[in-house]
Every structure is written in C-alpha cells, then in structure tokens.
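In: okay, structure incoming, though there's no sequence with it:
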C-alpha cells in the first residue's frame, strides 16, 4: 500500500532510527563474537597510540623472556657438566688415595683411572647445547677441547697448561631488559678445569708414581675441588639473576597485556544484554512502521 504524504515524515524518521539501531546491533554482534571493541586500530581514537605502545612493550618483553629462557637453559647445562667434573675429581682423589698405600696395584689402578677420566673430562668440556659448544667462549661451532697433542707426556704439576683449549676468553651475555645484561658461563681454560686436566695428564701419562708425585697430585686435586665448587657457585648466581630478570619481564608483560585488554576488549555479557535490548527496540520499531504505513482515511472511517 502506498504511503500517504501526511505520514511520510514520521515514517522516514522511524525507518532511519530503525536502520541506525540495526547498524548498532551489527557492531555489537561483531563485538560479542570477537570480544573486541573493534578489529581496526583506527577505530580506537585517542587510545590508538596507547594500544600500539603496549603491544610493542609486550613484544619486547617476550623477546627478553625468550632470550633469558635460552640463556638459563645453557647455564643449567653448564652447571650439570661442572657437576660431572666434580665427580671426576672425586674419583681421581679416591684413586690417588688408594695408590698412596704404596702398592703397585694401587698405582697401576690410579694411572688407568686417570687415562679414562681424562677422556671423560674432554668429553664433558666439549658439551653442546642446541648444536653449540658451551665451554668454548665465542667459538661455539668449534670443539672447546682437543687432547690429541695435550695428552702426550706427563707435563708438570706446577706449570699451567691450557694447550688443550681451542676457544677464546669471551663469556656469553644475554640482554634481559632495556638496561640490563647478564654475563654468564665459563670457558674450558678456566683455572678449575685446567687444574683437573693438568693432574689427569700427569697421572695418566706416568709410568710410575712416587710418594712425592702422589702427594703433589692430591694437593692439586684438592685445589681443583675448591675451584670447581666456585665455578658452580658462579653459575648458580648467574642462573639466579637471569631467572629473576625473566620473572620481572613476565610480570611486566602480563601487566601490559592487561592494560591493552582493558583498552581493546568489551564485556561480552554487557554486550549480549545490549543486543537483547536493541533487538526488542528494533522489533517494536518495525511494528510501528508497519502500522503507520497501513493507516489511511478510509480505514479510519470504517
């Protein structure tokens, strides 16, 4: 039925309002489905820059967390390896103590043990993590230790010998925040390891061991025990600092994500309630429009 001129203005206004309500409902339906105020940053107005800054902060914090996690894993591998070095020194001391009894069997056993332990020690110092040698300093793709030349001759118990070492003196470092880096790790030429390698070489390549040799070897092994414990302590301290920084970045990331969520998210329950209200309003609007458009004088006079 054609609309009468007298009712056109009212009908047009009601249709416009209904369409506006329908558009609002469409927006609310998208928000209800996504949980976001909008999928486009431009729609957030003055909050846009704040949201971008928070997103950048979250990404940066995650990069620090990832770097700290990797570094912490490396430190844990190093700590475990140093623990094995400690076990080697203990086994050597036991063998040397047994040899001190003066029997040829004890001496032969100590020499044999040292030969095996020297090989094990080289393997430990060539420990790899994620395809990289952890005790070679910056030379992570080259084995840190090569005993092919080192393990010949007895050398001297009193002279430092790091000829087995193939790396450099650079320690690893990880950036854990904008203003903090943590240096960690230890190289295979560290004095603790060098003493272990020196005493193992001396004993392993000896044809016999005098009482004086055994005493000197035990003294050097005792020094190595203390030095190895210091290395472990330093690694533990590095791990603690890395884990603390990682925890701080994790907390900051959660905080930044929470702020970003507050700016970008909607209360889905509230949106659902609004949709229900608008739905009722839209139904009433279309009902009223239909009634107005059906009115004419002839119907009124009936």
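Out: Sure, I can see it. None of the values given here were measured: they were computed from a predicted structure.

In: which residue is nearest the middle of the protein?
Out: Residue closest to the average C-alpha location in the chain (CA atoms, centre = their mean): residue 69, at 2.2 Å.

In: which non-adjacent residue is nearest that one?
Out: residue 246 (6.6 Å; CB to CB, 6 or more residues apart in numbering). Using the backbone N, CA and C atoms, a C-beta is placed for each residue, glycine as well.

In: which ones are touching that neighbour?
Out: Taking CB atoms under 8 Å, 6 or more residues apart in numbering, we find residue 246 in contact with 64, 65, 68, 69, 72, 176.

In: verify the stated contact: the second one with residue 249.
Out: Yes: counting by CB atoms under 8 Å, residue 65 sits close enough to residue 249 to count as a contact (5.0 Å).

In: just the strands in the stretch 51-200 of the chain please.
Out: 128-129, 132-133, 172-177, 180-184 (DSSP state E, counting those that start in this stretch).

In: want to throw those strands into TSV with distance to residue 100?
Out: Listed next are those as TSV, based on distance: least, CB to CB, whole Å:
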stretch	distance to residue 100
strand 128-129	37
strand 132-133	36
strand 172-177	40
strand 180-184	39
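
In: ok so, going back, what's the helix or strand for the residue nearest to residue 69?
Out: Using DSSP states H and E, residue 246 maps to helix 211-264.

In: quick one, that helix and strand 172-177 angle?
Out: 30 degrees (axes from the mean of the first three to the mean of the last three CA atoms, to 10 degrees).

In: now helix 211-264: average pLDDT?
Out: The average pLDDT for helix 211-264 rounds to 94.

In: so what's residue 113 closest to, chain neighbours aside?
Out: The shortest distance from residue 113 to any non-neighbouring residue, by CB to CB, 6+ apart, is to residue 95 (4.2 Å).

In: separation between the one you found and residue 158?
Out: Residue 95 is 21 Å from residue 158, where distance means CB to CB, to the nearest Å.

In: ok, the residue nearest to residue 113 touching residue 110?
Out: Yes: under the criterion of CB under 8 Å, residue 95 makes contact with residue 110 at 4.2 Å.

In: one step back: got the contacts of residue 246 as CSV, with pLDDT and distance to residue 143 columns?
Out: As requested, the contacts of residue 246 are exported to CSV (pLDDT from 0 to 100; distance: CB to CB, whole Å):
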residue, pLDDT, distance to residue 143
64, 97, 31
65, 97, 31
68, 97, 27
69, 97, 26
72, 97, 24
176, 95, 29
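
In: cross those residues against helices and list the overlap.
Out: 64, 65, 68, 69, 72 (DSSP state H).

In: give me the number of residues near the closest residue to residue 128 other than its chain neighbours?
Out: Closest residue in space to residue 128, ignoring its immediate chain neighbours: residue 134 at 6.8 Å, by CB to CB, 6+ apart. The number of residues packed near residue 134 is 23, by other CB atoms under 10 Å.

In: one more: residue 63?
Out: 12.

In: repeat that for residue 260.
Out: Residues within reach of residue 260, counting by other CB under 10 Å, total 19.

In: now do the same contact list for the closest residue to it other than its chain neighbours.
Out: In space, and not counting its chain neighbours, residue 260 is closest to residue 54: 4.1 Å by CB to CB, 6+ apart. Residues counted as contacts of residue 54 (CB under 8 Å, 6+ apart) are 256, 257, 259, 260, 263.

In: my guess is the fourth one meets residue 59, correct?
Out: No: under the criterion of CB under 8 Å, residue 260 lies out of contact with residue 59, with a separation of 11.2 Å.

In: can you give me the helices for this structure?
Out: Using DSSP H, helices in the chain cover 5-34, 48-99, 104-125, 191-204, 211-264, 268-294, 297-301.
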